[in-house]
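> Got a predicted structure plus its sequence, pasted below:
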Amino acid sequence: QLVESGGGSVQSGESLRLSCAVSGWFSLFCVGWFRQAPGKEREGIGSTGTDGTAVYADSVKGRFTISRDNLKSTVYLEMNSLKPEDTAMYYCARMDCGWWRSLKSSDVTSWGQGTQVTVSS
């Protein structure tokens with residue numbers, strides 16, 4: 001089970017941190033972050049492997065950072081310099097560790113329920 005939290009409404013340029021609490025053998029899990037804006041396809045924005053390394057989509061590289069705390073079984077998405085185009089429902093997802101860098105929904109094995117992020121200009 002994956003449960004996101006931390007969404008909300010912010011102004012352009014502000015920051016927000018999302019959390020994803022994961023049940024199970026967390027240290028063995030690869031976790032991705034995805035987002036979906038109204039009328040758009042779900043987009044993979046970043047993911048982390050079991051060793052804590054992370055990859056990012058070009059759209060968020062340099063602004064977003066993924067980290068994981070194995071003691072708390074939680075993955076974080078730190079979002080800085082937010083833009084109105086970052087407005088979306090954000091989901092964390094457990095990914096197949098053989099393909100955790102793909103950022104593809106097809107490599108997701110389970111989804112969280114999502115948390116809304118709204119950025120106003």
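Looks like it arrived, so ask away. Numbering: from 1, shown residues only.
> Please make it C-alpha for all contacts and neighbour counts, starting now.
Noted.
> got the contact list for the spatially most central residue of the chain?
Geometric centre of the chain, nearest residue: residue 33, 2.4 Å, by C-alpha atoms, centre = their mean. Taking C-alpha atoms under 8 Å, 6 or more residues apart in numbering, we find residue 33 in contact with 44, 45, 46, 47, 77, 90, 91, 92, 93.
> Wait, a strand at it?
Yes. Looking at residue 33 with DSSP: H, G, I helix; E, B strand; the rest coil, it is inside a strand.
> Identify the residue spatially nearest to it, adjacent ones excluded.
Leaving aside its sequence neighbours, residue 33 sits nearest to residue 92 (C-alpha to C-alpha, 6 or more residues apart in numbering; 4.5 Å).
> quick one: contacts for the one you found?
Under the criterion of C-alpha under 8 Å, 6+ apart, the contact list for residue 92 reads 2, 3, 4, 20, 31, 32, 33, 34, 111, 112, 114.
> cool, residue 31 as well?
By C-alpha under 8 Å, 6+ apart, the neighbours of residue 31 are 47, 48, 49, 75, 92, 93, 94, 95, 100.
> And residue 29, by the same measure?
Counting by C-alpha under 8 Å, 6+ apart, the residues that residue 29 touches are 49, 50, 94, 95, 97.
> Which positions in the host helix or strand of residue 55 come out as buried?
Here residue 55 sits within strand 54-56, counting by DSSP states H and E. In terms of neighbour count (16 or more other C-alpha atoms under 10 Å), strand 54-56 has its buried residues at 54, 55, 56.
> List the buried residues in the very next helix or strand once past that strand.
For strand 54-56, the following helix or strand on the C-terminal side (DSSP H and E) is strand 64-69. Within strand 64-69, the residues that count as buried by 16+ other C-alpha under 10 Å are 64, 65, 66, 67, 68.
> same check, this time on stretch 84-100
86-97, 100.
> Given the helix or strand containing residue 77, what are its sheet partners and their directions?
Residue 77 is part of strand 74-79, with elements assigned from DSSP H and E. Paired strands of strand 74-79, with direction, are strand 16-22 (antiparallel), strand 64-69 (antiparallel) (DSSP bridges).
> That strand - what's its average pLDDT?
Averaging pLDDT along strand 74-79 yields 98.
> Having no further points to raise, I will conclude here.
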